[in-house]
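S.K.: here is my input, please return the structure:
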Amino acid sequence: MALDMSTTSYPTTATDIDWTPSIKSGDREKIFGEIKQYCADLKTVTRRKTRTVRCGPVNFGSEHPIVRQTMATTNTADVDQTVEQVMRCADKGFDLVRVTVQGRREADACMKIREKLFQKGYDIPLCADMHFQPKVALLVAEAVEKIRINPGNFADGRKDFEEKIYETEEDYFEERGYLVEAMIPLIEKCKELDRCMRIGTNHGSLSSRVLSYYGDTPRGMVESAIEFADICRSQDYHNFVFSMKASNPLVMVQSYRLLAAEMYRMGWDYPLHLGVTEAGEGEDGRMKSAIGIGTLLADGIGDTIRVSLTEDPEFEYEPCNRLAEIAGTRLASSSDEAATSQAAVKDYDDNRDVTSFSRRQGCLPEQKEGDDIDVRGFLHRDGSVLCSVTPEMLSKENVQYLYQELGCKTAVGMPFKDIATSDSIFMRELPPSSDTDARTALRRLIEVSVGVVVPAEELEKDPLPNAVALMSLEEAIETDGKLPAGAIRLAVEISGLEDDEVIAKVKDLDPVMVLLKPDASLSHLHASRRVFEIFKSNDITTSVVHHYTTETDDSNELALQLGTTIGSLLTDGNGDGVLIEQVGEKKAFSVDFVRTTSFALLQGSRMRNIKTEFVSCPSCGRTLFDLQETTAQIQDATGHLPGVTIAVMGCIVNGPGEMADADFGYVGTIPGKVDLYYGKEVVRKSIPNAEAVDALIDLIKEYDMWKDKEEEKEEEEAVMA
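M.R.: This is a model prediction of the structure:
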């Protein structure tokens, strides 16, 4: 039902609008004060209080369940196909579906899609995804319940990267006129029809105006969104939500936190839609989404979510719904267990600065006089991976497979470290010294600087030369860190139950690493944050490895667990590595899977890069080639290039705009043809699809970033024996 239109007069030009005070001049701080908070409560998971935004039969906001969204991949102009896909998404459980609207044809189709869905008994809201087309947005608002506009290109008309020079802040503000001119008609239409809007800023598609003034930064994303919100607010239109999407989870988290902090400062209460754009596919896509979305939900931030995968939209539901479920289990208001575990964490001061990002860098192992082996490889400067190993894996029959699963190269049966080899291994039990084959295998790993971390009581029973002895912090203090016979270094385990004074004694013990494994009675997030705050206040620089135990045997569930639990700490900048230990009776994951998943967590958190990084759009009605098949081909051909980032984009809208982090881009332009980018520059145009992957490889070679795949060497079993 249309709303009653008021006869109130509203501003019609940029000079009439009461703009948010400038951040650069300091006026905002003078008027509203300093930023003081970004979430409702630093110690208890509490949803950020928001207003309710109406979207047809669905409501967004803190008083309502988290809304689960997806995006259709069909050609919107194909009405029947789109209707069928939307119905499948609704049947799966989604609350809203977004569709692409490139022009008048798609806007007209949306009216038919909406009508057919109603006829079939589906009232699931539709959101029109708008870029470049303010006039088309007016048309499609007649058909759908929500309009998504991108401040980076909605009013600009085209995407460019031309650097603009602004001598003064006033010069920058002068260009607001065309934003107002484009937005006010759409706002009036949305008010008239009771439509909602998403002001959806994307990291990679900031306008050249914003890029020139604020740079490619979270601050630029936030200020771009605030400008558009100011226009909405000037018309007394408040039925909108924000989003701050990026393909880089760190940028995404910082942007949302900064926007939430600004809203707290100014007294705004608009809901937030969360998403990591262009996350990719499989466990990697789920991991990156969990790192970004899960981190914010763990702080009570977020009212609607979408997990963007390079898969059919129906497959987005399980991870999307699971993230919403995990968020629910963390809310103190709805879970007695969560409230108890959060309250059980000892009091601490949370001094994290959410307006900027910096990573705590733990000290690496150093050689000491008298060391028999090189300990410097036990940890890695960009983030360490430890793998849990059992004695059975070291048997004569299994050890060569173990070397491979740990990511070692082998030559004549001997292991050597490679780019993605586990830095250290963790063993709860040791094979007896009488098992010479197993002990020889351990010795060979240690000789190539793979650390072997073993509980001290195990080493007391049967020493292992040059092992790392693991003790609880209390035990290490009691023994003054005295090592068992043969051990070369000390590691301590912290549970979070210790008093501040006890944790501070880590500095005197000087262990090679701390395994942080919060007790099950404590909130993992808050107990860990407390430990890092104590380390910071006591200038403790020991490397901290997150020790995570899980009972799941579902690979997708593990990715979501890791992203939400450990990723939320890594995005704080806290943590130097990860150890995943599978416990319980369920079928165990392979060491290789756990290792690669651990590296995926570090790479998704922008720490250690051991393979090609792919920024892959999730496909939509604009996509000009088979995105899933093409992405698979590109990954197969180029997935062995650590340090290289490749963006695979289905169309020009998500092309140069969404490739902020990419070295190379593969972008659909017209049916059957793609353009190739180096950075943000088109360097090859209109390449036939059948030739494009080879052309991409040639381009990578041209910029000296290619290396050939290493051929797998056949194992010589006789020599290995």
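S.K.: need the helices for the stretch 301-450 of the chain, in chain order.
M.R.: 317-330, 336-343, 399-405, 436-447 (DSSP state H, counting those that start in this stretch).
S.K.: make that the stretch 501-650 of the chain, sorry
M.R.: Under the criterion DSSP H, counting those that start in this stretch, the stretch 501-650 of the chain contains helices at 506-509, 524-537, 555-565, 567-570, 591-604, 627-638.
S.K.: what's the burial count for Gln561?
M.R.: The tally of other residues near Gln561 (other CB atoms under 10 Å) stands at 21. (Each C-beta comes from the backbone N, C-alpha and C, glycine too.)
S.K.: thinking again about what came up before, so which of the helices of the stretch 301-450 of the chain is nearest Tyr703?
M.R.: helix 399-405 (32.1 Å; CB to CB).
S.K.: show me what the closest one is packed against.
M.R.: Packing partners of helix 399-405 (3 or more CB pairs under 8 Å, 6 or more residues apart in numbering; DSSP states H and E): strand 409-411, helix 436-447, helix 591-604.
S.K.: quick revisit: turn the helices of the stretch 501-650 of the chain into JSON lines, columns for mean pLDDT.
M.R.: Output for the helices of the stretch 501-650 of the chain, formatted as JSON lines (pLDDT from 0 to 100):
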{"stretch": "helix 506-509", "mean pLDDT": "96"}
{"stretch": "helix 524-537", "mean pLDDT": "98"}
{"stretch": "helix 555-565", "mean pLDDT": "93"}
{"stretch": "helix 567-570", "mean pLDDT": "96"}
{"stretch": "helix 591-604", "mean pLDDT": "96"}
{"stretch": "helix 627-638", "mean pLDDT": "80"}
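S.K.: low pLDDT regions in the stretch 1-150 of the chain?
M.R.: Residue ranges of the stretch 1-150 of the chain with pLDDT under 70: 1-7.
S.K.: and Asp129, which of the three is it?
M.R.: Asp129 falls in the strand class when you classify it by DSSP: H, G, I helix; E, B strand; the rest coil.
S.K.: now do the contacts for it.
M.R.: By CB atoms under 8 Å, 6 or more residues apart in numbering, the residues touching Asp129 are 71, 98-101, 148, 620.
S.K.: so which of those wins on neighbours?
M.R.: Result: Val101 is most packed of the contacts of Asp129 (other CB under 10 Å), 31 neighbours.
S.K.: got the contact list for that residue?
M.R.: Contacts of Val101 were listed using CB under 8 Å, 6+ apart, and they are 76, 107, 110, 128-130, 133, 136-137, 140.
S.K.: just the terminal-to-terminal distance for stretch 244-253.
M.R.: Start-to-end span of stretch 244-253 (CA to CA, to the nearest Å) is 8 Å.
S.K.: that older thread, looking at the helices of the stretch 301-450 of the chain, which is nearest to Leu570?
M.R.: Closest to Leu570 of those, according to CB to CB: helix 317-330, at 16.8 Å.
S.K.: taking helix 555-565 as reference, get the angle to that closest one.
M.R.: 40 degrees (axes from the mean of the first three to the mean of the last three CA atoms, to 10 degrees).
S.K.: nearest to Lys685, out of the helices of the stretch 301-450 of the chain?
M.R.: Among those, helix 317-330 comes nearest to Lys685, with 36.4 Å by CB to CB.
S.K.: so Thr631 sits right up against Ala637, yeah?
M.R.: No - using CB atoms under 8 Å, Thr631 makes no contact with Ala637, being 11.0 Å away.
S.K.: comparing these two, which residue is more hemmed in?
M.R.: A count of neighbours by other CB under 10 Å puts Thr631 above the other of Thr631 and Ala637, at 23 against 17.
S.K.: ok, which stretches of the stretch 401-550 of the chain are strands?
M.R.: Ranges of strands within the stretch 401-550 of the chain are 409-411, 414-416, 424-426, 451-455, 468-472, 489-494, 513-516, 544-550, based on DSSP state E, counting those that start in this stretch.
S.K.: TSV for the ones you listed, including mean pLDDT, mean neighbour count and distance to Asp349?
M.R.: Output for the strands of the stretch 401-550 of the chain, formatted as TSV (pLDDT from 0 to 100; neighbours: other CB atoms under 10 Å; distance: least, CB to CB, whole Å):
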stretch	mean pLDDT	mean neighbour count	distance to Asp349
strand 409-411	92	15	47
strand 414-416	94	17	45
strand 424-426	98	25	32
strand 451-455	98	24	31
strand 468-472	98	25	25
strand 489-494	98	23	18
strand 513-516	98	26	19
strand 544-550	98	22	19
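S.K.: and the ones you listed: which comes nearest Phe315?
M.R.: Taking these one by one with CB to CB, strand 544-550 is closest: 22.4 Å.
S.K.: what helices and strands are in contact with the closest one?
M.R.: Here strand 544-550 touches strand 513-516, helix 524-537, helix 555-565, strand 577-582, going by 3+ CB pairs under 8 Å, 6+ apart.
S.K.: single out the most deeply packed of those.
M.R.: strand 513-516 (a mean of 26; mean count of other CB atoms under 10 Å).
S.K.: distance to Gly152 added to the helices of the stretch 501-650 of the chain, as a markdown table?
M.R.: Formatted as a markdown table, the helices of the stretch 501-650 of the chain follow (distance: least, CB to CB, whole Å):
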| stretch | distance to Gly152 |
| --- | --- |
| helix 506-509 | 46 |
| helix 524-537 | 33 |
| helix 555-565 | 27 |
| helix 567-570 | 27 |
| helix 591-604 | 24 |
| helix 627-638 | 22 |
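S.K.: so which of those gets nearest Asp41?
M.R.: Closest of these to Asp41 is helix 524-537, at 10.2 Å (criterion: CB to CB).
S.K.: what angle sits between the closest one and strand 544-550?
M.R.: Counting by the same axes, to 10 degrees, helix 524-537 lies at 170 degrees to strand 544-550.
S.K.: who touches helix 524-537?
M.R.: Contacts for helix 524-537 (CB under 8 Å, 6+ apart): 43, 45, 298, 342, 345-346, 348-352, 360, 494, 496, 500, 503-504, 506, 516, 518-519, 540-542, 544, 546, 565, 568-569, 572, 574.
S.K.: among the helices and strands packed on helix 399-405, which is the most enclosed?
M.R.: helix 591-604 (a mean of 22).
S.K.: quick revisit: got TSV for the helices of the stretch 301-450 of the chain, with distance to Glu170 too?
M.R.: As requested, these are arranged in TSV below (distance: least, CB to CB, whole Å):
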stretch	distance to Glu170
helix 317-330	43
helix 336-343	48
helix 399-405	62
helix 436-447	65
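S.K.: so which of those helices comes closest to Ala485?
M.R.: Nearest to Ala485, of all the helices of the stretch 301-450 of the chain, is helix 436-447, at 14.9 Å by CB to CB.
S.K.: just to revisit the earlier point, make TSV out of the helices and strands packed on strand 544-550 and add distance to Ile226.
M.R.: Listed next are the helices and strands packed on strand 544-550 as TSV, based on distance: least, CB to CB, whole Å:
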stretch	distance to Ile226
strand 513-516	37
helix 524-537	29
helix 555-565	29
strand 577-582	36
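S.K.: among these, which comes closest to Pro271?
M.R.: Nearest to Pro271 among the helices and strands packed on strand 544-550 is helix 555-565 (20.3 Å), distances taken as CB to CB.
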